[in-house]
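[1] Please find the sequence and the predicted model below.
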Amino acid sequence: MIAAINPADNPLSLEFYRLLWHNFAPAILPFVVACGVTVGLVPVMRRLSFRVGAVSLPGGRNINVRPTARLGGLALAGGFIVAGAVFGLGRGFSNREVLTMLGAGAVTVGVLAVDDVRQLRARWTLSLQLVVAVGVAAAGAITINFINFGGGHILHLGVLAFPVTLLWILGMENTMNFLDGVDGLAAGVSAIVALALLLAAVNRETEDPSQLAVVVLCAALIGACAGFLFFNFHPARIFMGGGAHFLGLTLAILSIFGIAKGAVVFALMVPVMALVIPIADTGWSIVRRRRQQISIAHPDTAHIHHQLLDFGLSQRETCLVIYFATGITSGIGLMLYGHRKILGVVVVLLLVALSTLLGQRLYELENGPAERADAKGPLLES
């Protein structure tokens, strides 16, 4: 006997597309506005960067081959904050929570723009992160209060809620900052993670109307990242500078809004799985630097994206590899969270694409630079 197919799960039914529109229509305008504002602000920030000396020069750890503006984070944050303020207020969460997130993001990217100009000491940057994280948890009441292990087993954090929240925010900020080493990498990965959080919120919107705010804010972040990638994908015409910290802070808060506020099994699985590779890279960087008896804030060229570049990948190929890997781990997290149907197919397709890209590169490396140059084509030129 053949089981009846739910019309909402059948791509050939009108109900499927009605439900699709209902779930994703609120995301369209925030995405468009954030993308448009960011695209409009980037040229302004490029001119300002060269005027005030916020410029990354070639040489040393820098892999750019020409002077590149560093104040792109202001444009990226501007697009998100405008769209978030217009579409995010009054959408399910209290306005205090949303305004706390937007204000914290503005303070972070604004102060770190000074770092892009004057190169502040690492301890001042870390102090700023800590102050903002404390402000977010205290002023906006944005905290991780419990962890759900499933089967009715819920760990209420009690007095540990505050320090766990601080650790989560600081960890996400520094993970995105360490990831920002290749053109387009941090913005692209952030957009993928925000998409995963958006899909998780859509999955819960019927039982928790406040998740509409998460859909809107995630769409705004995706739009801001997409607009920034027009100028930041290799060869980058502008870098995000302090924008990496802004992305980490925003993703941390959105994940608390969208995941940790609900009593759901694997409550933090989606953001953790989505960023499992950057998180592991960050953890190993801390261990590596402590073993070398240097500060954990001391920069080096041993991150995963540097290793891929040393392996022979171009900057664009490095981005694509990490994009695919992030998409795969995000899909796995969403499947554990409840999306088990089409995401299984997506993960398989991403695995095929990732293995094809790496297999092509291995073949090209074994067959010499002349053949590799012919095979690479205009899309993957370094």
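    Received, thanks. Fair warning: this is a prediction, and the values are worked out from it, not measured in the lab.

[2] C-alpha from now on. contacts and neighbour counts both.
    Noted.

[3] Restricting to C-alpha, output stretch 133-143 in PDB.
    Only the C-alpha atoms of stretch 133-143 are listed here, as PDB (Å, rounded to 0.1, in the frame of the first residue of the first chain):
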ATOM      1  CA  ALA A 133      29.400  40.800  25.200                       C
ATOM      2  CA  VAL A 134      28.600  41.800  28.800                       C
ATOM      3  CA  GLY A 135      26.400  44.600  27.500                       C
ATOM      4  CA  VAL A 136      24.500  42.300  25.200                       C
ATOM      5  CA  ALA A 137      23.900  39.700  27.900                       C
ATOM      6  CA  ALA A 138      23.000  42.300  30.600                       C
ATOM      7  CA  ALA A 139      21.100  45.000  28.700                       C
ATOM      8  CA  GLY A 140      19.300  42.900  26.200                       C
ATOM      9  CA  ALA A 141      18.700  39.800  28.400                       C
ATOM     10  CA  ILE A 142      20.100  37.800  25.600                       C
ATOM     11  CA  THR A 143      21.500  34.700  27.300                       C
END
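
[4] Run through who's touching it.
    Contact partners of stretch 133-143, identified using Cα atoms under 8 Å, 6 or more residues apart in numbering, comprise 96-97, 100-101, 104, 161-162, 165-166, 169-170, 253, 256-257.

[5] Kindly recompute the last result at 7 Å.
    Contacts of stretch 133-143 with the rest of the structure, by Cα atoms under 7 Å, 6 or more residues apart in numbering, involve R96, E97, T100, M101, A104, A161, F162, T165, L166, I169.

[6] what mean pLDDT does it have?
    Stretch 133-143 shows an average pLDDT of 80 in the prediction.

[7] Spatially, and excluding backbone neighbours, which residue is closest to the residue nearest in space to the middle of the chain.
    Residue closest to the average C-alpha location in the chain (Cα atoms, centre = their mean): S190, at 1.6 Å. In space, and not counting its chain neighbours, S190 is closest to L247: 6.8 Å by Cα to Cα, 6 or more residues apart in numbering.

[8] what about that neighbour, how many neighbours?
    L247 is flanked by 30 other residues according to other Cα atoms under 10 Å.

[9] List only those of the contacts of stretch 133-143 flagged as buried.
    E97, T100, M101, A104, A161, F162, T165, L166, I169 (16 or more other Cα atoms under 10 Å).

[10] Show me what the host helix or strand of the second one is packed up against.
    When you say that, I think you mean T100. Assigned by DSSP states H and E, T100 belongs to helix 95-118. Judged by 3 or more Cα pairs under 7 Å, 6 or more residues apart in numbering; DSSP states H and E, helix 95-118 is in contact with helix 72-88, helix 122-139, helix 243-255.

[11] Counting by contacts, list what the helix or strand that comes right after the shortest one packs against.
    Looking back up the chat, that one is helix 243-255. Sequence order places helix 269-274 as the next helix or strand after helix 243-255, per DSSP H and E. Using 3+ Cα pairs under 7 Å, 6+ apart, the elements in contact with helix 269-274 are helix 185-204, helix 315-337.

[12] Mean pLDDT and distance to A77 for the ones you listed - can I get that in JSON lines?
    Below are the helices and strands packed on helix 269-274 laid out as JSON lines (pLDDT from 0 to 100; distance: least, Cα to Cα, whole Å):
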{"stretch": "helix 185-204", "mean pLDDT": "86", "distance to A77": "11"}
{"stretch": "helix 315-337", "mean pLDDT": "82", "distance to A77": "21"}
